[in-house]
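> let me see the structure of the following:
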Amino acid sequence: MDGGPASDVEAVLNALRHRDHALLRFETVAHRLLIDFRSSDETEPAAHVLEPVRSLRERIATIRRARPALPVPSELQIVGWSLRVRSLERTGALEIVRERFAQDGAAEAVRQLEAAVERLEKLERDEFRHAITGEGYRTLWPARSS
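Predicted coordinates:
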């Protein structure tokens, strides 16, 4: 089988191994996970949950607010994550990020990563609950009356 979730995961893992940053786009939540391995004299690598936005201009502004001591990357490395947030652990994605942060001595970035993933998992659970209860959702077909 060509393509599919397995090859998508491998592409994400490859990006996390080799890129200086990655912006993970989840299918289950509108928030994004910014993993930034870049550093300067004033700032270490970091992980941040970015709020949903409506445009590229707004996304750049959220990155600028999250990483004010660094320039916004000239090319955003946006990678899609088609699985649940918790699968980042199972697939080895978080371990790759933790190892890269550890190589840079960025203990605070590891803490940020853990907090970010915890927040994203909660957002995802909430979204699934909303979908089941209908909160914030509209049905395409009204229920039949008995």
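> for the host helix or strand of His48, the distance to its chain's centre please.
Taking DSSP states H and E as the definition, His48 sits inside strand 46-50. In terms of C-alpha atoms, centre = their mean, to the nearest Å, the centre of strand 46-50 is found 8 Å from the chain centre.
> which residues sit against that strand?
By C-beta atoms under 8 Å, 6 or more residues apart in numbering, the surrounding residues in contact with strand 46-50 are 23, 31-36, 59, 62-63, 66-67, 97, 106, 108-109, 112-113, 116, 119-120. To be clear about C-beta, it is placed using only N, CA and C from the backbone, and glycine gets the same treatment.
> show me what counts as buried in that strand.
Buried residues in strand 46-50, counted by 16 or more other C-beta atoms under 10 Å: 46-50.
> ok, that strand: who's next to it in the sheet?
Here strand 46-50 has these sheet partners by DSSP bridges: strand 32-36 (antiparallel).
> contacting residues for the residue sitting nearest the centre point of the chain?
Centrality entry for the chain: nearest residue to the mean C-alpha point is Leu33, 2.4 Å, by C-alpha atoms, centre = their mean. By C-beta under 8 Å, 6+ apart, the contact list for Leu33 reads 23-24, 26, 47-50, 116-117, 120.
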